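Student: sequence-free structure coming up:
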C-alpha cells in the first residue's frame, strides 16, 4: 500500500514521499521504513521526529518537516482503518471439520465454520460467517448470530442467545448456573437457575471471563459492550450498551449497569447495585449492594465515593500523623494554660 | 401441575383457584398466569399484589385477597421444590460417546455418561449416574463418585478425589500444582507438589475456578460447600462444611476455613490464616497471613477488622477534613491565647 | 532409597539409622517411618522432635537426639532434590494420539507427545520432549521449545513464542487479543491487536491465567518467572526474569515489571506503571497508572505507598476515634478558657 493510497483511503491528503510502500502498522518506537505509525497528539511530536516510521498519521495542523505524514482528525482511529486494510482477517474456509460432533438437528448456516473437536448440541443454530473454533462447546438450543468468532475452548451452556459480530475469547463460559442458595436445615439448597442469557450484537468478551444465566430472570450484555479477561458477570445482571469493563471486575447478582459505563480493573459491584449511564468506576473500587451510583459520576474506593473525595481523603491520610502530632502539642499547651 | 397439586406437594393448603394449571416458576415481576412466584416476606406483599403470577407462594399469615396463594413457612424454599417438580433435570442417556477417549482400565459405572471428545485416563473411576460432559479431562487415578455433573471443558488432574453429587462448572480446574518455590542460586526452584485434593459430597464449584492439590499435604473442600466462579483455592487449603465462597475470592496456601463460613466476593485470605466457624467476611476484605478470625465474627477491610469498627473508621474518614479544620482553628485560638 | 543414599545424594553425612528405607517425602506432621521430612529452621525443632518421620533433613548444627537426621545448609531445597529422586516424573511415551488433529506442515520433534483430541494448527513447531496434553489447542505458527508441559485444555493463539522447559497449567490462554478500543461515533472501535507474545525459558504459569499478545508491540514474560492461577497479563506488558506473581493479580497494558519482583495475591497494576527490580508489592495493593515504584521498595495499599507508611496509617486509623475525642475535649476546654 502506497502512502498515497493510505491518504486516499482516509480521504485526506499526504505530505512527503507519496510513493513509499507501507507493509504494516507499528508503534512509534519500533516502526521501520515500511511501517505506518500514529502520533496521538501534539505532545508526541518530539517522539515522532525520532521515529523511523515510513509514514506518520498525525493530528491536523501538526508539522513534521522531512517526514512523510498523513494529517487526520483522529490519528489513532485512522491507524485502525489502515491496519484493517493491511491485515485482512485470515480466511476461515467454511465447513465442518470431520472430528467435530454436530447434532443432526443443529442448524448451521452454509458458510459458517466448525473447527476440530468442537461439539454442537441438538437444536443449536449458528449464523452465516460465524466461526466456531476447535474445542468449543455449544449447548442445546443455543442461538448464535452471524459473523461471530468463538475462539478455542469456549463453552456456551444450553439456551444462551448470542447476537451478530460477537467475539468470545478462549475459555469464556456463557450461561453457567448463577450462585444462589437458600439455607435450610443446616444446608445450602440450590435456588433454580433456569433463566436466560442474552449477549447482544458487537459484544467482545475476553479470555476466561464467566457469565451466568439468569436465575428466574435474564442476564443481558448490551450491544457494543466490551468485557476484558477474567471478569465475572453474575445471574440477572443487566449491562447496557457500549460499556467498557476491565479485567477481573466482578458484578454481583441482579446489578444493573447503564450505557457507556467504564469500570477499571478489579472493581467489585454488590448485589442489585445500580450504576447509571456514563459512570466511571476506578480500579479496585467496591460498590456496595443496592447502592445507586448517579449518572455521569466518577467514583473510587471501597465503599466507593466521588473520586475527588477519595483523593482528598487519601491525601489527608498521608498527613494523619502530622495532625495527630498537632493535637498532641495542643493538648500539652492546653494543660499548661489550664494549670497556669 | 395444578395449584392443588402444588399445595399437596408442599403439604399445606391453598387459597383461590385450585384448578389453575401452572407450567413454570418465575420472578414476581415477570410471572404470568401460568407461573408460580414466591413472596419472600411481608415487605414484598405490595409487589405481589401487582404481580400477574397465576399462583403465589406466600409466608404464613400473609393475606392477598383475590390472589391464588399457597402459604408456607419458607416461600423461597417452597419455590425450589416446585421448580424441581416442574423442571426435572434433562435426561442424559447413559453411555460413552464414540469420540470419547477412555482408558481400557478406567472403571465406569454402567449408568454414567461420557460426552463427546471427553478424555478419561488410566485407573480413573466414575460413579453411577455421573455425567462427564464433552471436552472434560479426567486424569490418571481420579475417583469421582455418584450423581456428579462435570460440565464441558472441566479438567481434573491425576489423583483427585471427588465425592457424590458434586457439580463442577465449565472451565473448573481441580488438582493443579500449588504455587511453591524455594529461592536458590538466583532462581525459583519448584517445591514438590505431590499432595492430594479431596472434594467432599454435595459441593458445587463455579466456572473457571481453580483448586490446587496439596504440596505435601491435602487440599480439602468440605461437604456441602458452594464455591462461585473464578475463585482460587491454593495448595493445602482446608475448607470446612457448608461454606459459601463468592466469586473471585482467593485463599492462599495452608489457610484453614471452618464450617458455615461466608466470604463475599473478591476476598483475599493470606497464607495459613485461620477463619473459624460461621465467620462472615465482607467483599474485597483482606485477611493477613497467619491471622486468626474468631468464630462467629463479621469482618471487613484490608487488613480486615470487625465490621462495626470498619464502618466507624469509614465514617470518620469521611469527616477527616472537618476534624483537620477543627484542629486548625484550635491552633489559631491557642496561639492567640498564648500570645494574649 | 536408604538414608545413606539420601546423604550421599546431598553430599553430606547422616546421623542415626543409615540403613532405613525411605519411600516418600512428607510434611513434619504427617510423615511416617518411611518418609523424609524437612525442618525449616531451629524454630521447628520441637515440632521435629514430635514427628514420626523416618528421616529428617535439618539445618546444619541442629541437634535431635534419637532421630535419624541429615544436616544440610538448606533443608527445604534438599527436600526438593530428594523428592525429585523419589518421584521421577511419570513417563509420557512420545507419539501422537490418533484422535489428535495435527496440521500436515506442523513441525513436531520426534520425541514429543500430543494427547487425545489436541489440535495443532499449520506452521506450528513443537520441541523435543515437549508434552501437549489432551484438549490443548496450538494455533498457527506457534513455536514451542523443548521439554515443555502444556496441561489439558490450554489454548495458545497463533504466533505465540514459548521457550524451553515452560509449564502451562490447565485453562491457561496465551496470546489472546489485548483490550484496546478507540471511542468514535458512539461506539468502541477495536484497536489492532497484531503484536507478539514471548514466554521465555523456565516460566511456569498457573491454571486459567490469561496472557494477551501485544497490540502493536510485544508481551514478554522473562526467564524463570513464575505466575500463579487466575492472573491477568495485558497487552504489551513486559515482565522481567525470576519474578513471582501470586494468584488473581492483574497487570494492565504497557506496564513494565523488572527482575526478581514479588507481587502478592490480587495486586492491581495500572497502565504503563513501572515496577523496578526486586520490588515487593503486598496483597491487594493497587499501583496507579504510570506510577514508578523504585527498585527494592516494599509497597502496600491502594494507591500503594511504602509498607511502613501504610502500616503506620492503618494503626493511626484504628486510633482515629480517640483522636477525634481528644479534639472534642480540647475544643470544650478552649471554649471554657476563651469565655472564662
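Tutor: Received it, and whenever you're ready, just let me know what you need. Worth saying up front: this structure is predicted, and the values here are computed from it rather than measured. Residues are numbered from 1 along each chain as shown, chains lettered A, B, ... in the order given.
Student: and chain A, what are its domain boundaries?
Tutor: Following automatic domain parsing, chain A resolves into domains at A:3-86, A:95-308, A:312-339.
Student: so for chain B, which of these sits nearest?
Tutor: domain A:95-308 (3.8 Å; CB to the nearest CB). Every C-beta, even on glycine, is put in place using the N, C-alpha and C of the backbone.
Student: let me see the mean pLDDT of the closest one.
Tutor: pLDDT averaged over domain A:95-308 equals 97, rounded to a whole number.
Student: list the contacts for the nearest residue to residue A:260 once chain neighbours are set aside?
Tutor: With CB to CB, 6 or more residues apart in numbering or on different chains as the criterion, residue A:260 has its nearest non-adjacent residue at 4.7 Å, and that residue is residue A:278. Contact analysis of residue A:278 by CB atoms under 8 Å, 6 or more residues apart in numbering or on different chains lists A:258-261, A:295-296.
Student: farthest pair within the residues you listed?
Tutor: The largest distance within the contacts of residue A:278, taken as CB to CB, falls between A:259 and A:296 and amounts to 11.5 Å.
Student: I figured residue A:78 hits residue A:11, correct?
Tutor: No - checked against CB atoms under 8 Å, the pair residue A:78 and residue A:11 is beyond contact range at 10.3 Å.
Student: comparing the two, which residue is more hemmed in?
Tutor: Between residue A:78 and residue A:11, residue A:78 has the larger neighbour count (other CB atoms under 10 Å in any protein chain shown), namely 23 against 7.
Student: tell me the secondary structure at that one.
Tutor: Assigned by DSSP: H, G, I helix; E, B strand; the rest coil, the conformation of residue A:78 is helix.
Student: and the gap between it and chain C?
Tutor: Separation of residue A:78 from chain C (CB to the nearest CB, to the nearest Å): 10 Å.
Student: pLDDT score for the closest residue to that residue other than its chain neighbours?
Tutor: Taking CB to CB, 6+ apart, and ignoring the residues beside it in sequence, residue A:78 has residue A:72 as its nearest neighbour in space, at 4.3 Å. Listed pLDDT for residue A:72 reads 96.
Student: repeat that for residue A:324.
Tutor: According to the prediction, residue A:324 has pLDDT 89.
Student: name the element the residue nearest to it when sequence neighbours are not counted belongs to?
Tutor: Spatially, and ignoring its direct neighbours in sequence, residue A:324 is nearest to residue C:323 (5.8 Å; CB to CB, 6+ apart). Residue C:323 belongs to helix C:320-339 when elements are defined using DSSP states H and E.
Student: show me what that helix packs onto, helices and strands only.
Tutor: Applying 3 or more CB pairs under 8 Å, 6 or more residues apart in numbering or on different chains; DSSP states H and E, one finds that helix C:320-339 contacts helix A:320-339, helix B:307-318, helix B:320-339.
Student: mutual contacts of residue A:78 and residue A:11, please.
Tutor: By CB under 8 Å, 6+ apart, no residue touches both residue A:78 and residue A:11.
Student: what does the stretch 201-340 of chain A have sitting close to chain C?
Tutor: A:202, A:204, A:206-208, A:224, A:226, A:228-230, A:242, A:244, A:246-248, A:265-266, A:283-284, A:314, A:317-318, A:320-321, A:323-324, A:327, A:330-331, A:334, A:337-338 (CB under 8 Å from any CB of the partner chain).
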